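Chemist: Please find the sequence and the predicted model below.
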Amino acid sequence: MSLFKVILLTCVLSPMVTGHKSCSINAGLMKSIQYQLKLVEDNNGKCDCTGRVSEPGKVAFMAKNSDSLVNIPGKSAVVYNTVMTNLGNGYDKSTGIFTAPSNGVYNFSWTVVTHFGKYFFTYLALNGKLIARNYTGGRVGSEHISSTQKAVLEIKKGDKVFVKVQDDHIGQFMFGDSWSTFSGYKL
Ligand SMILES: *[C@@H]1O[C@H](CO)[C@@H](O)[C@H](O)[C@H]1NC(C)=O
Ligand SMILES: *[C@@H]1O[C@H](CO)[C@@H](O)[C@H](O)[C@H]1NC(C)=O
């Protein structure tokens, strides 16, 4: 091979080699961007600017109440208005309703604390129908009464799960200030 040919070959090949290298760097970058985009999409386009990284597809929520609830009509949804955790954005703090973002088996639990002399009977409802309940009545005694109940449910995307006030009673009093909570997560 003549020196001329070697020089010519090097000139032709080297841009191809560097071109290939930068192409694979770009591919890696594209993959990373696509992954980040998917995270944002899974979060309904909302960025979590707290720096926490959530795994895509993970669903978990927890809410509590800042204010006590007084004389809530029977059959109403109990609105836990302060969101602590809401991966998957299923929980709506304005309605108290959790809407499943995907099919699966979920674990829910809730706690109600009432004042002695008062009651606040609730049940967990799936699409409005009773699933599980507990009794929060402090009509006798002198202590605040707390009740907790939980349920593992196989539900579909779009199903609605929330805590409801007992149909035939008003909810007289439920403590806010972080005493009463509602939470759930996908197993
Ligand atoms: C469901 O949640 C309750 C309350 O947090 C917990 O005690 C229970 O172990 C959980 N069950 C499952 C199957 O994760
Ligand atoms: C109701 O809640 C109380 C307090 O958490 C608990 O001790 C009791 O076992 C619950 N009752 C039922 C039926 O789950």
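Modeler: Yep, it's here. Ligands and ions are numbered 1, 2, ... in the order given.
Chemist: When you work out contacts or count neighbours from here on, use the C-alpha atoms and nothing else.
Modeler: Noted.
Chemist: Show the contacting residues for residue 71.
Modeler: Applying CA atoms under 8 Å, 6 or more residues apart in numbering to residue 71 gives the contacts 170, 171, 172, 173.
Chemist: Also near ligand 2: which of those, exactly?
Modeler: Among the contacts of residue 71, not one lies near ligand 2 by CA under 6 Å from any ligand atom.
Chemist: of all those, which two lie farthest apart?
Modeler: 170 and 173 (9.1 Å; CA to CA).
Chemist: So for those two, which residues contact both of them?
Modeler: Joint contacts of residue 170 and residue 173 (CA under 8 Å, 6+ apart) are 71, 120.
Chemist: For those two, indicate the residue with more neighbours.
Modeler: Higher neighbour count among residue 170 and residue 173: residue 173, with 23 against 19, using other CA atoms under 10 Å.
Chemist: Okay, that one and ligand 2: tell me how far apart.
Modeler: 16 Å (CA to the nearest ligand atom, to the nearest Å).
Chemist: so how many other residues sit close to the residue lying closest to that residue once chain neighbours are set aside?
Modeler: Nearest non-adjacent residue to residue 173, counting by CA to CA, 6 or more residues apart in numbering: residue 70, 4.7 Å away. By the criterion of other CA under 10 Å, residue 70 has 13 neighbours.
Chemist: So what sits opposite the nearest residue to residue 83 once chain neighbours are set aside in the bridge?
Modeler: Excluding the flanking residues, the one nearest residue 83 by CA to CA, 6+ apart is residue 63, at 4.4 Å. Residue 63 has these beta-bridge partners by DSSP bridges: residue 83, residue 182.
Chemist: before we move on, back to that, which secondary structure element is home to the residue nearest to residue 173?
Modeler: strand 69-72 (DSSP states H and E).
Chemist: State the paired neighbours of the helix or strand encompassing residue 132 in the sheet, together with their directions.
Modeler: For residue 132, the host element (DSSP H and E) is strand 129-134. Here strand 129-134 is paired, per DSSP bridges, with strand 122-126 (antiparallel).
Chemist: so how far is the partner strand off the chain centroid?
Modeler: Mean-position distance between strand 122-126 and its chain equals 18 Å (CA atoms, centre = their mean, to the nearest Å).
Chemist: and that strand with ligand 2, contact?
Modeler: No. On the criterion CA under 6 Å from any ligand atom, strand 122-126 is out of touch with ligand 2, staying 10.8 Å away.
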